[in-house]
Every structure is written in C-alpha cells, then in structure tokens.
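S.K.: Pasting a predicted model and its sequence here:
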Amino acid sequence: MKVLFAVAPKKYRDNELLESIKVFESEGIKWGIASTVKGRCFGIMGGAVDARRDFHNLSLVEKFDALIIIGGPGAQEFLWKDSDLHDLIRVFNLAKKPIGAISLAPVALAAAGILEGKKATVHPLRIAIHEMMKGDAIVIEDPVVRTGWIVTANNSSLAKEFAEKMIDVLNGKPEWEKAESKLGFDF
C-alpha cells in the first residue's frame with residue numbers, strides 16, 4: 001500500500017505529517033508527498049519535506065491507495081482554494097479510495113464538494129467551520145470522524161488516532177466494528 005500526503009508549500013503542520021508517517025511506516029505502508037508545486041516544502045515548526053509531485057497530476061490516483069491532506073495555517077493559505085487539489089480530491093473520491101484531512105485541511109474536502117450532506121469535523125476556527133458549512137458538510141465536534149472512506153480530525157494532537165483510523169479504512173474495516181466492540185457486543 002502507498003499513501004499520498006498533500007502538504008502546503010509553507011506552514012504545513014509538521015507534527016501532523018510526521019506522526020502520521022510514523023504510524024503508516026509501522027504498518028509497512030509506503031508514502032509520498034505532493035504540494036501545489038514540486039520542491040521543498042516548509043513546516044510551521046521548522047521541518048521540511050520534498051514534494052516530488054504536484055496536485056496537477058490526476059494519475060496519482062492510480063499510484064496511491066489513499067490521499068491525506070495535512071493541516072496547519074498553510075492549508076488555509078494554499079490548499080483551501082487550490083483547484084488542482086480539489087480535482088485530485090474528486091478523483092480519489094470517485095475511485096472510492098480513502099481520503100483524510102486533519103485540523104484545518106478538511107475545508108479543502110468541503111470546497112471540493114465531497115462532504116455535501118456528510119458528517120465531518122474541522123479545527124474549531126470560526127472561518128473553517130463557516131467554509132465547511134458552505135460546502136454543505138455536517139460539522140460535528142467529535143475529534144475524529146469517519147464517514148465511509150473519508151476521515152477527518154479536528155486537531156493536530158490527534159494525528160496518531162487519525163492515522164490509525166485511516167489504516168482501518170485502508171484495511172477495509174467496517175465503520176461500526178469499533179463502535180460495537182466499545183459497547184461490549186461479542187460476535
């Protein structure tokens with residue numbers, strides 16, 4: 001399996017990316033980085049990664065099993081209105097491949113039109129909630145939300161839990177499986 005991380009060229013949230021990568025690597029899942037342009041991307045906490053791909057390449061859906069959009073202030077500045085990213089999100093969605101977004105990044109999913117009538121969460125910044133609602137998302141306050149093959153998380157501190165939920169989706173684990181086990185059902 002291989003996951004594509006979408007990051008802003010500047011001010012992406014380093015810990016969201018690094019913690020997610022750590023979880024995926026522990027499961028033997030490979031990954032790649034894409035951004036608005038190819039080249040060096042800089043995190044808000046001083047980290048840097050190389051984007052070997054840009055969002056314009058829609059054939060990425062054939063090479064990757066999931067798309068994960070990393071948040072941070074750069075997501076608002078560079079990703080919320082990026083039409084190439086929106087097209088890429090739509091292609092992954094049409095292919096029913098797992099899509100995830102954390103912190104401020106779920107707004108890009110709403111802007112791409114894939115959250116219409118679906119439950120999702122986002123960082124509780126007023127403008128982020130407003131933008132989610134413009135995309136007709138049903139915004140809820142749960143920390144991590146899975147709706148079908150789409151996973152959203154509202155805070156960078158949830159990167160590990162978010163990545164684990166993405167792995168559940170990649171492995172075909174049903175949404176209800178964990179909920180029932182928490183209730184004590186034994187099948």
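M.R.: Received, thanks.

S.K.: Let me see the contact set for residue 46.
M.R.: Applying C-beta atoms under 8 Å, 6 or more residues apart in numbering to residue 46 gives the contacts residue 14. For the C-beta atoms, the positions are set from N, CA and C on the backbone; glycine is no exception.

S.K.: Please, which helix or strand holds it?
M.R.: Residue 46 belongs to no helix or strand when assigned by DSSP states H and E.

S.K.: List phi and psi for it.
M.R.: Dihedral pair for residue 46: phi 100, psi -10, per degrees, to the nearest 10.

S.K.: quick one: it from residue 156, how far?
M.R.: Distance of residue 46 to residue 156, computed by C-beta to C-beta, to the nearest Å: 15 Å.

S.K.: in this protein, which ranges drop under the pLDDT threshold?
M.R.: Counting by pLDDT under 70, the ranges of the chain that qualify are 176-187.

S.K.: Go again with 90.
M.R.: 57-60, 173-187 (pLDDT under 90).

S.K.: Next, count neighbours for the closest residue to residue 35 other than its chain neighbours.
M.R.: Nearest residue to residue 35, sequence neighbours excluded (C-beta to C-beta, 6 or more residues apart in numbering): residue 51, at 3.7 Å. Look at residue 51: counted by other C-beta atoms under 10 Å, it has 21 neighbours.

S.K.: what does residue 149 give?
M.R.: Around residue 149 there are 19 other residues, counting by other C-beta under 10 Å.

S.K.: Residue 1 now?
M.R.: 15.

S.K.: just the one 5 residues further on next, same as before
M.R.: Burial of residue 6, expressed as a neighbour count using other C-beta under 10 Å, amounts to 28.

S.K.: so residue 139 touches residue 129, yeah?
M.R.: Yes: judged on C-beta atoms under 8 Å, residue 139 makes contact with residue 129 at a distance of 5.6 Å.

S.K.: State the distance from residue 34 to residue 125.
M.R.: 24 Å.

S.K.: Does residue 92 belong to a helix, a strand or coil?
M.R.: helix (DSSP: H, G, I helix; E, B strand; the rest coil).

S.K.: quick one: contacts for it?
M.R.: 61, 66, 67, 98, 99.

S.K.: thinking again about what came up before, so for residue 34 and residue 125, which residue has more residues nearby?
M.R.: Higher neighbour count among residue 34 and residue 125: residue 34, with 25 against 15, using other C-beta under 10 Å.

S.K.: sec struct for the more buried one, please.
M.R.: Following three-state DSSP, we place residue 34 in the strand state.
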